[in-house]
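A.B. asks: Task: produce atomic coordinates for the following.
(2 chains)
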Amino acid sequence: MATAIQGVAPRTARPTTREAFPPGSLRFDWINTVLGALWLIGIFIDGWAHNHDKVDNTFFTPWHAILYSMFGVFGIFLTLTLTRNLTRGYMLTRALPRGYSLSMLGILIFAFAGVFDFAWHSLFGFEIDTEALLSPAHLLLALGFVLVMTGPVRSLVARIPAHSSPNWREFGPLTASLTFTFALFAFFTQFTHPFVYEIAAMKGGNSNIYQSLGVSAILIQSALTMGLVLWAVRRWRLPFGALTLFIAVPSAMVTVFQDRMALIPGAIAAGLIAEMLYLWLKPTADRMGRFVLFGLLVPIAVYSLYFLTVQLTYRLGWSIHLWAGSIVMAATVGLMLAFMLAWPHSDTQSTA
Amino acid sequence: MATAIQGVIPNVVTSESRETYPPGGLRFDWINMLLALLWLGGLYIDGWAHNHGKVDNTFFTPWHAILYSTFGLIGIFLTLNAVRNLTRGYKLRRALPEGYVLSLLGVLVFAFAGVFDFFWHSVFGFEANTAALLSPAHLFLALGFMLVMSGPLRSRWLSIPAGSRPTWREAGPLIGSAICVLAVLSFFTQFAHPVDNVMAAGKASNFGSASDLYLMNADGSGQTRLTINTQLAYIDPVISPDGKKIVYRAGQHDADISDLFVMNADGSGTPTQITHDLGWQRTPSFSPDGKTIAFIASGAGVTDHTELYTASLDGSNLTRLTTTPNGWRWGTSWSPDGKQITYSSNQTGNWAIYTMNADGSNPVRLTQSSTDNYGPSWSPDGKLIAFTGSQDDAEYLFTIKPDGSGLTRVGDKPGSLPHWSPDGKRLSYLGTVDGIDQVFVINADGSGAANLTRNTALSSDSPIWTPDGAKIIFTAGGHTASASESTLQAYGIASILLQSGLVIGMLLWLTRRWRLPVGAVALIIIVINLLASVFSDRYFLLPGIVVAALIAEVLYALLKPTAEKPGRFALFAFLTPVVFYSAYFLNLQLTRGVSWVIHVWAGSIIMAGVAGLLISFLMVWPQRQLNATERPAT
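C.D. replies: Coordinates of the predicted model:
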């Protein structure tokens, strides 16, 4: 029976030492990933409802119900696993497979933050727009989710050897968890996200403040995406499709807030171009030139296609200085991150 | 003799291998770093001048002279060294000490971009603000800066052993070069810098609508900003007949509160307030003797109509001339003999041009059409009144005689707010190009309309001539006042994330490789933010910056972050931005007040910390495995 719940040590097994973790498994990683994905969808539905004015000023909305019940499923799953392992003799801090202790902490933080959020709203009322994303209760909720969602990342980073070529079966939970984590980052920076507000085409998008916000948004999201992409590229030989997920999914998900789904095909196409570049350049950290070139070219693909899509659907209002300059600056962000990652930082690497 | 120039090998030595670099040396690195710092000074002086409206719309400014001559210094230094080494038998790609070949490339890129910039401006005009920073010519210049200035960084990177604790003597060029690179990045992202645009200090109604007074020659050259403010809309300037005083209106855009001020026309001294507690005020004008101003005011607490007032320049002798409680008045202009005032009012439904005696008696309606006519300007010879009239859903310039006869349209292009040149031969007015208002001039016969401001980023308003006819005063500012509170917050937070990412990125990148000498962390933080504060004179933020920098230095000493201790590394990466922006908001609260709600400012501090944390993960996580696998077999 115990095998039905992954991550629980068999009844017969006992920890060999007090330092031991219960054995993890790919299946346990997959379950965590899928539960995290469901929960994330709950978060995005709530975000969609907020952006579409379908939310009353009360804590008890159907959207919160979805969000918190998804969380509940995940929380119960981890707590059950933890309890079983405790009864098998594992220490409290080692009661989940390696990498998942922080997930349990995340569940506790989220539960606490939920209560805190309820109390906060009751006391101070409801924040609107940007305020809501930055309120302490909501940032705590974000922290809780990120700690849980990154469970499979921690688990698999420790298990998949660096510089190997993992297949989709083992790399799937890792890719998906990373993608969903960064989708949450995109969620919490939606106020400065070009796939939420296409300022380059908006009426008034040429005032100083809108121009500055529009360019900043591109730089910030480019940094997030390229940070994830380059981090993964440095560590592994990625299976085909991973880059597309990293690049397209977080941006595609946030388009639902302001119904900018027309921007999705461009993001997917950019992901596929990144895959081609990856196959062609074969960037690795010890080939700095290729690594840096890859870091430079991917944002160019993403934002060239972005501005092309915006022009075709909403008509660009920005001058060539601005949109071309934004593409170049986004590429510079990728370039600098690539330098930061690949520039030799210990003498054993730099053989001058 | 050859030893006098560092980086050039002595005459007697011939290169043993064509693959070797000429020897560099600490002194060569120091010289390059100091030349780079000088050049950086040139860049920031030019940026300061641009932000202070001290730049003509021409390539040949004193600021460009400083920028390009400091560039010349380092360019000549590097070229001279390269030429000498070439004559000693080194190959072109090895003509400078290791790490400096890219610097030489940077010199070429910058020189090329400088020429390109000159032509770009000549062909496409001058960009302003955000667009200027992102124009292709300027991004090329940025690339040149980065390549040249990072020379000592590359050289020192190779010569200081990783994991060591270099002294200031060894690491000085490294730190200086890193500051230069970071300062260039910060310069070209100044459109989103929390030390430059202090978004947390104001309300939405004060931003995006701020405008300043400008002065330019009557041919559009020499555009110069007379005032610097980021809070209020300065509008409706008028200049005294002797050319010494400017009266203008300062207020919150579209708000009920505004006042009239008087300043010296050369920008010297402090402006003094003329009116107090008169509600919403607009459109002052000088009497021909320069002693009295006429203007429009709603009166304290009144929001449903305006009246015409006169007052002396010190605010005394305040007199209300109109007494009709219904309707609005807008626009004032005196007849050259000082006996009459023309104005516009909608007291009978649509806007019409009126005249009355300077004591308020005998108001006469001049325009009789059922369309709107407003904003009159009396010609210097007293024979015509120019004004804005609507026709076919557009606004055009018109003239009419003071007796109400001879209505004539001036030119065939739309325009508004005409103002006569002192010789009566031309009119300045406001025209719209691509949705942005520009100052135009046109001959009184309707010929020769010309766009003078050609400013693609700022919207101009209320142009008037100086009494000698040589210059035009106008106002300019951001052309959308409708940015919401939420948008401004988003912009403010985005700029905090961006700049904290840049600074902590550089600090972590250096820290991963070495233990930096004492004071380096504080120096980098202080210099970068001090430089950013010169654009809009944000020196009041300096105490917080210095305190935060010193705390970051203490954190660095206590945590001793290295790549081998990812926990400490990540903690330093998180705490440094948190400390910086905590001090930033505290400083702001104590000086100008923080207008953001606690969610937003507290959330910004945490998000800045998270930006640092993510970058630290990028660099060191998970270190153990990377160390094991990335150390290659040699």
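A.B. asks: Now that residue A:63 has come up, it's in contact with residue A:46, right?
C.D. replies: Yes - in this structure residue A:63 lies within contact range of residue A:46 using CB atoms under 8 Å: 4.1 Å. C-beta here means a position set from N, CA and C on the backbone, and glycine is covered the same way.
A.B. asks: Of these two, which one has the most company?
C.D. replies: residue A:46 (21 against 18; other CB atoms under 10 Å in any protein chain shown).
A.B. asks: Would you agree that one is in contact with residue A:68?
C.D. replies: No - look at residue A:46 against residue A:68 with CB under 8 Å: they stay out of range, at 9.4 Å.
A.B. asks: Quick check: closest non-adjacent residue to residue B:380.
C.D. replies: residue B:424 (4.6 Å; CB to CB, 6 or more residues apart in numbering or on different chains).
A.B. asks: pretty sure that neighbour contacts residue B:382?
C.D. replies: No - the criterion here is CB under 8 Å, and residue B:424 misses it with residue B:382 at 9.5 Å.
A.B. asks: Confidence-wise, which helix or strand of the chain is lowest on average?
C.D. replies: In the absence of a named chain, chain A is used. helix A:129-134 (a mean of 80; mean pLDDT, DSSP states H and E).
A.B. asks: For it, name the packing helices and strands.
C.D. replies: helix B:485-513, helix B:598-620 (3 or more CB pairs under 8 Å, 6 or more residues apart in numbering or on different chains; DSSP states H and E).
A.B. asks: please redo it, this time with the cut-off set to 10 Å
C.D. replies: helix A:26-51, helix A:136-149, helix A:168-188, helix B:485-513, helix B:598-620 (3 or more CB pairs under 10 Å, 6 or more residues apart in numbering or on different chains; DSSP states H and E).
A.B. asks: Would you mind checking the average pLDDT for the first one?
C.D. replies: Meaning helix A:26-51. Mean pLDDT, helix A:26-51: 93.
A.B. asks: After that helix, which helix or strand is next? Please name it.
C.D. replies: Counting by DSSP states H and E, the element after helix A:26-51 in chain order, helix or strand, is helix A:62-87.
A.B. asks: so for the helix or strand following that next one, what's the average pLDDT?
C.D. replies: Counting by DSSP H and E, the next helix or strand C-terminal to helix A:62-87 is helix A:101-124. Mean pLDDT, helix A:101-124: 88.
A.B. asks: what comes up buried for helix A:101-124?
C.D. replies: A:101-104, A:106-107, A:109-111, A:113-114, A:116-117, A:120-121 (16 or more other CB atoms under 10 Å in any protein chain shown).
A.B. asks: and the one residue in the stretch 151-300 of chain A that gets nearest to chain B, what pLDDT?
C.D. replies: Per CB to the nearest CB, residue A:207 is where the stretch 151-300 of chain A lies closest to chain B, at 3.4 Å. On the pLDDT scale, residue A:207 is placed at 72.
A.B. asks: Number of residues surrounding the residue of the stretch 101-250 of chain A found nearest chain B?
C.D. replies: In the stretch 101-250 of chain A, no residue comes nearer to chain B than residue A:134, which is 2.5 Å away by CB to the nearest CB. The number of residues packed near residue A:134 is 26, by other CB under 10 Å.
A.B. asks: thinking residue B:319 is in contact with residue B:309, fair?
C.D. replies: Yes - using CB atoms under 10 Å, residue B:319 is in contact with residue B:309, at 6.4 Å.
A.B. asks: list the residues that contact both of those two?
C.D. replies: The overlap between the contact sets of residue B:319 and residue B:309 (CB atoms under 10 Å, 6 or more residues apart in numbering or on different chains) consists of B:294, B:360.
A.B. asks: Compare the two and say which one has the larger neighbour count.
C.D. replies: Between residue B:319 and residue B:309, counting by other CB under 10 Å, residue B:309 is the more crowded of the two (24 against 13).
A.B. asks: Please confirm that residue B:561 is located within a helix.
C.D. replies: No - per DSSP: H, G, I helix; E, B strand; the rest coil, residue B:561 lies outside any helix segment and is coil.
A.B. asks: How about the contacts made by residue 193?
C.D. replies: Chain wasn't specified; assuming chain A. By CB under 10 Å, 6+ apart, the neighbours of residue A:193 are A:185-187, A:217-218, A:220-221, A:224, A:250-251, A:254-255, A:257-258, A:260, B:490, B:494.
A.B. asks: Please refer instead to chain B.
C.D. replies: Residue B:193 touches A:212, A:216, B:186-187, B:495-496, B:498-499, B:502, B:528-529, B:532-533, B:535-536, B:538, counting by CB under 10 Å, 6+ apart.
A.B. asks: Give me the pLDDT value at it.
C.D. replies: Confidence score, pLDDT, at residue B:193: 91.
A.B. asks: now residue B:19
C.D. replies: Reported pLDDT for residue B:19: 68.
A.B. asks: rewinding a little: give me the pLDDT value at the residue lying closest to the residue of the stretch 101-250 of chain A closest to chain B once chain neighbours are set aside.
C.D. replies: Setting aside the residues directly before and after it, residue A:134 is nearest to residue B:603 in space (CB to CB, 6+ apart), at 2.5 Å. We have a pLDDT of 92 for residue B:603.
A.B. asks: For stretch B:314-324, give the mean pLDDT please.
C.D. replies: Mean predicted lDDT for stretch B:314-324 stands at 87.
A.B. asks: and residue B:476, helix, strand or coil?
C.D. replies: Residue B:476 - assigned by three-state DSSP - is strand.
A.B. asks: Tell me how far it lies from chain A.
C.D. replies: Relative to chain A, residue B:476 is positioned 11 Å away (CB to the nearest CB, to the nearest Å).
A.B. asks: how many neighbours does the closest residue to that residue other than its chain neighbours have?
C.D. replies: Of all residues not flanking residue B:476 in the chain, residue B:458 sits nearest, at 4.2 Å (CB to CB, 6+ apart). Neighbour count for residue B:458, taken as other CB under 10 Å: 22.
A.B. asks: Just the helices from the stretch 451-600 of chain B, written as ranges.
C.D. replies: Assigned by DSSP state H, counting those that start in this stretch, the stretch 451-600 of chain B shows helices spanning B:485-513, B:520-533, B:542-559, B:566-591, B:598-620.
A.B. asks: In JSON lines, list these along with distance to residue A:283.
C.D. replies: Shown next, in JSON lines, are the helices of the stretch 451-600 of chain B (distance: least, CB to CB, whole Å):
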{"stretch": "helix B:485-513", "distance to residue A:283": "19"}
{"stretch": "helix B:520-533", "distance to residue A:283": "30"}
{"stretch": "helix B:542-559", "distance to residue A:283": "33"}
{"stretch": "helix B:566-591", "distance to residue A:283": "24"}
{"stretch": "helix B:598-620", "distance to residue A:283": "16"}
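A.B. asks: between these, which gets nearest to residue B:237?
C.D. replies: helix B:485-513 (26.8 Å; CB to CB).
A.B. asks: Tell me what angle the closest one forms with helix B:542-559.
C.D. replies: 40 degrees (axes from the mean of the first three to the mean of the last three CA atoms, to 10 degrees).
A.B. asks: so where is the chain shaky, pLDDT-wise?
C.D. replies: Using chain A here. A:1-6, A:9-19, A:56-57, A:125-129, A:204, A:344-352 (pLDDT under 70).
A.B. asks: that's the wrong chain, I meant chain B
C.D. replies: Checking chain B against pLDDT under 70 turns up B:1-19, B:53-59, B:124-131, B:202-209, B:230-231, B:252-257, B:434-435, B:456-457, B:478-483, B:622-634.
A.B. asks: what's the spatially most central residue of chain A in contact with, if anything?
C.D. replies: Geometric centre of chain A, nearest residue: residue A:182, 1.5 Å, by CA atoms, centre = their mean. Taking CB under 10 Å, 6+ apart, we find residue A:182 in contact with A:146, A:149, A:221, A:224-225, A:227-229, A:245-247, A:249-251, A:253.
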